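Asker: predicted model, plus sequence, below.
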Amino acid sequence: MHALTGALWGIVAAIGASALLFVGVNRLFDLIVDRWRLFLGLIGALIGAGFFAVLVGNRVLDGSGTTWVIGGAVLFALLAVAPDLVPDPRLRPVVGAVMGTGIGVLVAVAVDAAVRPTVSPRDLIVMVGITVGVYVVISAARGRIRPGGVLVSAALGWVAGAWLLGEVGGGSPTSMALAVLVPFGLLGAALGAGKRRERTRRYDLQRQTRVGAFLGPAMFFVSMGLVVPLIRTIYLSLHDSRGRVWVGLKNYGDVLTNKRSLDLEDWANIFGSRLTYLGAALLVIGLVAGLWLGRRRGRLLEPAASSIGPASVGVFLLMFAMFASLRGTVMNNLWWVIVVTLLSTVLGLAAAVLADRARFESLAKSLIFMPMAISFVGAGIIWRFMYIARPPQKPQTGLFNAIWVGLGTLEPSSTGHLTVIVVLGGVTAAMLGLSIFGTRRRQPDIAIGSALVALPFLWLLYRFLGPGLGGVETGPLGNPIGKPILFVQEGPFNNVWMMVVLIWIQTGFAMVILSAAIKAVPAELLEAARVDGATDGQVFFHVTLPTIVPTISVIVTALIVLVMKVFDIVRVMTNGNFGTQVIANEMWQRAFTEFNLGLGSALAVVLFLSVVPVMGMNIRRMQRNEV
Amino acid sequence: MATTRETTSATGGSVGRVGRLVYGFLRSVPTWVLWLLVLIWTVPTGSLFLNSFRTRDAQRRSGWWASIGEGGWTLDNYIDVLSSSRQTGGLATAVVNSFAIAIPATVIPIAIAAMAAYAFAWIPFKGREWLFVLTVSLLALPNQVALLPLLQLFAGGVHWTVPGSSTVVTLFPDLSLAGSAAAVWLTHTSFALPFAIFLLHNYIASLPAELFEAARIDGADHFTIFWRLVVPLSVPALAAFTIFQFLWTWNDYLVALTMLGANGSAYPATIKIASMAGEFGRLEHLLSAGAFVQAGVPLLVFFALQRFFVRGLLAGSVKS
């Protein structure tokens, strides 16, 4: 119950404070035109309260903090309003200076003896000279030198000379007075030195401040939460593990030369892998199909299901062969990015096309979309239950291993055994029949497509009847024992099983957006293509697909950015063990469990650099849209 | 018969009986594939859901599919996982914590982003274009980049040692926010703003300009226009972002884990179930119920408000 009330109070306080701040700031700026002096007073009070709060917070002042903050607010309010009350423009700087000096006296008396600075006149003259010089040069270049600006820069120079160059702690009361009275006096004089703001100038001011009121909070959070931390992370990445000693690019060197990050030793395995040959064969089939179809239509390569399908599966398998041999954190990340981005987009596109104008379209789409609402952590847990591998003696409770071990331990010529043969054989026969049918009717998509679907089933049937299919090994007594697949532990394909989780989540995202894009393809275009006698496949590859390419590129970039920083799934399922480490998890472990600030930051910067091209693309896209 | 005739005419000319059958089959393939896909996509969630109602023994004896026949469902797992004793999850507190993080982390960025989006869309000022592009380009910034400095800021403030002396100036005080829910909100607020501004700007900028001119002629200032005109008219976009951000913060693991550190009493449900998953075996039978407690709220929000959610997604990725 305590947690609940605490949480509620926190929520109310946070929301109330944001609302008050927003309304308050806007109401404050509303005063500018008609109630100028009230506005000045309130601004002065805010600045005064803030200034004294900082002093109190740094333990500079003696006495009660609350009194100082309230008193400071009142004093600064008076200081802000007083010059405006004096009609004579020559008197106003004097009034300001007197008031400022008065506040200075109060501060000088109250400042703790321990923080009195020693002041040397030479420091003061040098610093004031520098700041005033800089101000004069800059404002002369812009064509206008204001006396108020000179006074303010002189005050800043004085403060710098007294407090930054002087030695804090050893000063006398006199040097203390010198260090405080002069800048306060100068600031007060500066307040009175400007022209009085007449009504029209106040309108301008109100417009400018309004931009500040509307943008200020957002810019504050963006700079404090993103921009400054980014710079700080880059700074830390060039320093040692405690963030103190400059080490140059050493951390980046560690990331790239470490064998855990990049292990290319087994590159030769690529050429010994069955995946390579299968992938190459499929790629060739796809290219041949594309060339053959293209010759009939008078172009080099024809995009169609029977050419693009095998070719892309082939490329995919080749890539798998490569990533299974080249290991390490960086390679894992690349593998994740490529596989999840491609498969989520392709499956999303497939779901969008299949569901388009189907019965119960919205039901089907919401079910595929649903995983988007589940957290990565929850999804990791959900899939862990699918992947469970229990010891061979115990029943398998994970779906995949239950099927796999079940297949392997089927009694020969039992009902289950026969069923598997009938199903596999039936599908193979049907697909081969369909292929012959397609060849006779000169429908290459049907012929090649069904032949390709038949192939894996034929292979499964062969395995089942011949060498055996499923998880089984021979026990000590010659009896068959189930042999489950350790989906999560067995490398390198445990990476792929985890990618499945993210694909499961992100397919819905791709589907929803692509579905909207497909529905937005002009009906006249589709109609015209159909009237010209195009088949459904041709309409898709020649009309729909080219039209939705911009949307696909948006999805692909969004997914790249998302997958690049994959963290939760890996952390929950393996925590980077068994050769599944990714950059984000490595970064977290270095930075937050080992507190190696340098290495952790360098890994974070690597993540950042990898999305810089995407950021650049986004900026270009936006600028194009703005025009 | 009607469908067969259509088949014949659509493919033009004589197809024959076999042809009709085959084409009819091919025509139904997309539907079959679609529902197969739907089945594959639903099975993981569905199976975990069934498992969450099974006793520990049943979960160890057989897979979830066995329960369809044998039944024997119980709510014990849910009761155990919610109650807070050492043997169980104590997820009830964690759910409260999740709300305590997700609600402010949703409300604060919306208010801030709506104002900024309005300023970017309708208040002309110098440098507006590039400031907007710069802000929105941070959308792609990986959160990991900001975590370490932010944690340092919350844990100790910002101090600057004046070069050449031992004077340390405190630029930002140590508010001892590390380990508190407030640190998580503030972090979420920063991380959410680029996307929120982008989404709301797209919408607010597309409101008709005449509306604003009319209001200005009537003497309304920016605050009035924003409050009386822009906010009510942008409800769809605001709703879309609310759902988005709520789901995102509710489901977040990384930010909470980093900012809360060892303060277990403030952990949201995601961290709780992740640590339950880490304790191999002991709480395994409660894990499915725990996962559903955590996922229950977002799933409810999702199914109830899916239309807004989809609209938000579309507005965020496809410029209309």
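Answerer: That came through, no problem. Residues are numbered from 1 along each chain as shown, chains lettered A, B, ... in the order given.

Asker: quick one: low-confidence residue ranges for the chain.
Answerer: In the absence of a named chain, chain A is used. A:1-4, A:7, A:170, A:625-627 (pLDDT under 70).

Asker: actually chain B
Answerer: If you take pLDDT under 70 as the line, chain B has these spans: B:1-15, B:85-89, B:162-169, B:280-281, B:316-320.

Asker: roughly how far apart are the residue in it positioned nearest to chain A and B:Arg128?
Answerer: Closest residue of chain B to chain A, C-beta to the nearest C-beta: B:Ser190 (2.1 Å). Using the backbone N, CA and C atoms, a C-beta is placed for each residue, glycine as well. Between B:Ser190 and B:Arg128 the computed distance is 21 Å (C-beta to C-beta, to the nearest Å).

Asker: ok, the two, which is more surrounded?
Answerer: B:Ser190 (25 against 15; other C-beta atoms under 10 Å in any protein chain shown).

Asker: tell me where chain A has strands.
Answerer: A:472-474, A:480-482 (DSSP state E).

Asker: coming back round to it: OK, contacts around the residue of chain B closest to chain A?
Answerer: Going by C-beta atoms under 8 Å, 6 or more residues apart in numbering or on different chains, B:Ser190 touches A:221-222, A:224-226, B:146, B:150.

Asker: just the buried subset of these, please.
Answerer: A:221-222, A:224-226, B:146, B:150 (16 or more other C-beta atoms under 10 Å in any protein chain shown).

Asker: tell me the one of those nearest A:Phe51?
Answerer: A:Phe51 has its nearest neighbour among the buried ones among the contacts of B:Ser190 in A:Met224, at 20.2 Å by C-beta to C-beta.

Asker: excluding sequence neighbours, find me the nearest residue to that closest one.
Answerer: The shortest distance from A:Met224 to any non-neighbouring residue, by C-beta to C-beta, 6 or more residues apart in numbering or on different chains, is to B:Ser190 (6.7 Å).

Asker: following the helix or strand hosting that neighbour, which helix or strand shows up next?
Answerer: Assignment of secondary structure by DSSP states H and E places B:Ser190 within helix B:181-205. Next helix or strand after helix B:181-205 toward the C-terminus (DSSP H and E): helix B:209-217.

Asker: in that following helix, what counts as buried?
Answerer: Result for helix B:209-217 [16+ other C-beta under 10 Å]: buried residues B:212, B:215.

Asker: hmm, the helix or strand that that helix is followed by in reach of chain A?
Answerer: Using DSSP H and E, the helix or strand that follows helix B:209-217 towards the C-terminus is helix B:222-224. Yes - Helix B:222-224 is in contact with chain A by C-beta under 8 Å from any C-beta of the partner chain, via B:222-223.

Asker: and for chain A, the residue most distant from the center?
Answerer: A:Asp88 (57.8 Å; C-alpha atoms, centre = their mean).

Asker: any idea how far that one is from A:Arg201?
Answerer: Relative to A:Arg201, and taking C-beta to C-beta, A:Asp88 is found at 19 Å.

Asker: what does A:Tyr387 give?
Answerer: 70 Å.

Asker: ok, those two, which is more surrounded?
Answerer: Comparing A:Tyr387 with A:Arg201 by other C-beta under 10 Å, the one with more neighbours is A:Tyr387, at 22 against 11.

Asker: how about the contacts made by the more buried one?
Answerer: Applying C-beta under 8 Å, 6+ apart, the residues near A:Tyr387 are A:398, A:400-401, A:487-488, A:497.

Asker: ok, those vs chain B, which is closest?
Answerer: A:Gly398 (7.1 Å).

Asker: number of nearby residues for the closest residue to that closest one other than its chain neighbours?
Answerer: Spatial nearest neighbour of A:Gly398, excluding adjacent residues (C-beta to C-beta, 6+ apart): A:Ile388 at 3.3 Å. Residues lying near A:Ile388 (other C-beta under 10 Å) number 19.

Asker: do the one 3 residues further on as well
Answerer: One way to gauge burial is a neighbour count; for A:Pro391, by other C-beta under 10 Å, it gives 8.

Asker: same thing with A:Ser375?
Answerer: 26.

Asker: could you find the closest non-adjacent residue to it?
Answerer: B:Asn251 (3.3 Å).

Asker: quick one: the helices in the stretch 51-200 of chain B, in order.
Answerer: Remark: helices assigned in the stretch 51-200 of chain B by DSSP state H, counting those that start in this stretch are B:56-61, B:65-70, B:76-82, B:91-122, B:128-137, B:144-156, B:181-205.

Asker: quick one: closest of those to A:Asp568.
Answerer: Across these, closest to A:Asp568 is helix B:144-156 (C-beta to C-beta), at 12.2 Å.

Asker: and the angle for the closest one with helix B:181-205?
Answerer: 130 degrees (axes from the mean of the first three to the mean of the last three C-alpha atoms, to 10 degrees).

Asker: residue 246: neighbouring residues, count only.
Answerer: Defaulting to chain A. 9.

Asker: should've been chain B
Answerer: So B:Phe246, with other C-beta under 10 Å, has 20 neighbours.
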